[in-house]
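1. sequence first, then the predicted structure, then my questions.
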Amino acid sequence: MADTTINGIHARQILDSRGRPTVEVDVVLASGAAGRASVPSGASTGRNEAHELRDGDPAWYLGQGVGRAVANVRERLAPAVIGRRAEDQRGIDDLMRALDGTADLSTLGANAVLGVSLAVCRAAAAAAGQPLYRRIAELAGAAPPVMPRPMVNILSGGLHAGRGMDLQDFLAIPLGAGSYAEALHMMIRLRAAASDVAARRGLPVLLADEGGLSPGLPSVEAALDLMMESIAAAGFEAGRQVGIAIDAAASGLFARSGHYELRRAGLSLGSAEMVAAMEGWVRLYPIVSIEDALHDEDWDHWPALTARLPQVQIVGDDLFATSPQRIARGIRQRAANCALIKLNQNGTLSGTLEAVATARAGGFATIVSARSGETEDSFIADLAVGTAAGQIKIGSLRSSERLSKYNQLLRIEEESGAPYAGDPQPLAARRQPAM
């Protein structure tokens with residue numbers, strides 16, 4: 001068996017998809033096997049996420065540099081981790097958390113800790129001569145690997161597109177596809193159709209942070225109508241072949257007044273009114289998933305939203321922040337029925353796997369998700385398969401930092417023969433609004 005003793009750790013500053021610095025880490029084992037990982041960064045970040053350490057020096061990358069995080073890998077984490085065996089993922093992750101000494105990893109930086117955590121996992125997989133998703137499956141102790149159903153960003157607003165629309169993202173979900181490859185082809189057709197429809201209408205076709213179109217529409221209904229028109233133009237039936245998902249990113253809409261401010265639409269809504277608005281959109285459109293419909297501490301109203309929309313996947317992102325403790329609270333209060341899983345919200349691979357296990361034990365669905373600031377690292381593709389998460393949210397079908405993950409899933413499907421999660425009960429088509 002290859003010697004998995006960690007011999008060397010090196011970190012560097014690289015650039016993410018928005019041209020901002022991020023951390024990349026290399027881990028080398030005594031056998032010569034190695035692993036490399038880079039850390040994503042969010043734009044719409046919740047207050048409960050693990051802490052991303054930035055330098056704050058305006059003369060260096062406009063304050064966005066990660067030199068301190070890189071130095072922490074080299075000077076604090078590497079001396080402690082070198083000599084450990086790479087297969088001891090939990091032990092290494094726990095050691096790094098203890099070295100940091102804070103719940104949110106604010107001393108050393110979650111971007112420093114996560115980079116080491118993921119690179120160690122890759123190195124262990126390389127030493128064992130196994131695909132990364134199989135190593136993750138061993139660590140997760142979950143069901144056999146499953147190919148996830150993609151949720152694809154089509155239209156963007158919020159912080160992903162300069163507040164060009166009130167809600168952050170409108171996504172498409174392929175319903176009833178027989179394989180990941182078929183689902184991807186469906187979404188390619190739909191993404192192209194949406195671009196054509198927007199161009200015919202004279203709307204902007206500029207790209208947002210995650211590669212979605214940024215048409216700057218004045219209301220949620222206008223965006224949903226464009227989604228419906230695009231689905232039809234691609235030759236699909238809305239509600240049967242393609243469903244719509246919304247990411248409201250409502251924490252960014254919540255004002256000191258205690259209301260959700262939809263400024264483009266000229267609306268100021270209380271929590272109960274926000275729930276009613278979501279209910280109204282679901283009645284009119286084939287919406288199958290809603291993420292972050294309310295802000296991350298609006299615990300009083302999340303259960304009402306979930307109860308009133310039992311046929312819809314209600315997703316907590318900022319609400320849960322990939323925290324096992326917050327997910328457990330959501331399960332107890334029935335505050336959602338699905339948890340979004342983001343590695344850098346948690347800060348370690350082991351903690352992220354614990355969040356997945358907590359959600360699964362409570363009967364929640366899971367979605368592995370990218371961030372708006374991504375790199376070409378395809379780790380989350382293997383994470384989604386290895387944890388049998390069932391769903392993945394990467395962004396749109398544009399730009400190498402997104403396509404690297406979509407393409408990795410094609411390779412995994414070909415190599416693994418893993419079954420496709422799919423959607424066994426596609427929703428019946430609902431009444432469509434007039435165009």
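-> Noted; the coordinates are in hand. Everything numeric here is computed off the predicted structure, so don't read it as measured data.

2. so how far is residue 168 from residue 252?
-> 7 Å (Cβ to Cβ, to the nearest Å). Every C-beta, even on glycine, is put in place using the N, C-alpha and C of the backbone.

3. same check, this time on residue 128
-> Taken as Cβ to Cβ, the span from residue 128 to residue 168 is 39 Å.

4. neighbour count: residue 252 and residue 168, which is higher?
-> residue 168 (31 against 21; other Cβ atoms under 10 Å).

5. OK, contacts around the most centrally placed residue in the chain?
-> For the chain, the residue sitting closest to the mean C-alpha position, by Cα atoms, centre = their mean, is residue 369 at 1.7 Å. Counting by Cβ atoms under 8 Å, 6 or more residues apart in numbering, residue 369 touches 317, 340, 341, 342, 380, 392, 393, 394.

6. if you set the cut-off to 6 Å instead, what comes out?
-> Counting by Cβ atoms under 6 Å, 6 or more residues apart in numbering, residue 369 touches 340, 342, 393.

7. show me which of the residues you listed is closest to residue 412.
-> Using Cβ to Cβ, residue 393 is the member of the contacts of residue 369 that lies nearest residue 412, at 16.8 Å.

8. I'd like to know which elements the strand or helix carrying that closest one is packed against.
-> Residue 393 belongs to strand 391-395 when assigned by DSSP states H and E. Secondary-structure packing of strand 391-395 (3 or more Cβ pairs under 6 Å, 6 or more residues apart in numbering; DSSP states H and E): strand 149-156, strand 365-369, helix 400-416.

9. could you spell out the sheet neighbours of that strand, each with its direction?
-> strand 149-156 (parallel), strand 365-369 (parallel) (DSSP bridges).

10. what are the ranges of the helices in this structure?
-> 67-72, 78-81, 89-100, 110-128, 132-140, 180-200, 220-233, 271-284, 302-308, 324-333, 343-346, 349-361, 379-386, 400-416 (DSSP state H).

11. so which bits of the second one are buried?
-> The neighbour-count criterion (16 or more other Cβ atoms under 10 Å) identifies 78, 81 as the buried residues of helix 78-81.

12. same question, stretch 18-28
-> Of the residues in stretch 18-28, those buried (16+ other Cβ under 10 Å) are 20, 21, 22, 23, 24, 25, 26, 27, 28.

13. surely the first one and residue 65 touch.
-> Which is residue 20. No - in this structure, residue 20 is not within contact of residue 65 by Cβ atoms under 6 Å, at 9.2 Å.

14. and the pLDDT for residue 41?
-> The per-residue pLDDT reported for residue 41 equals 89.

15. tally of neighbours for it?
-> 23.

16. what sits against it?
-> So residue 41 contacts 16, 22, 371, 373 (Cβ under 6 Å, 6+ apart).

17. just give me the closest of those to residue 202.
-> Looking across the contacts of residue 41 and measuring by Cβ to Cβ, the closest to residue 202 is residue 373, at 30.5 Å.

18. looking at it, the closest one is touching residue 19, isn't it?
-> No - if you go by Cβ under 6 Å, residue 373 and residue 19 don't touch, sitting 9.1 Å apart.

19. pretty sure residue 171 sits against residue 153.
-> Yes - assessed by Cβ under 6 Å, residue 171 is found in contact with residue 153 at 5.3 Å.

20. between those two, which one's more packed in?
-> Taking other Cβ under 10 Å, residue 171 and residue 153 do not tie; residue 153 has more neighbours (30 against 26).

21. any idea how far that one is from residue 374?
-> 12 Å.

22. got it, and residue 388?
-> 23 Å.
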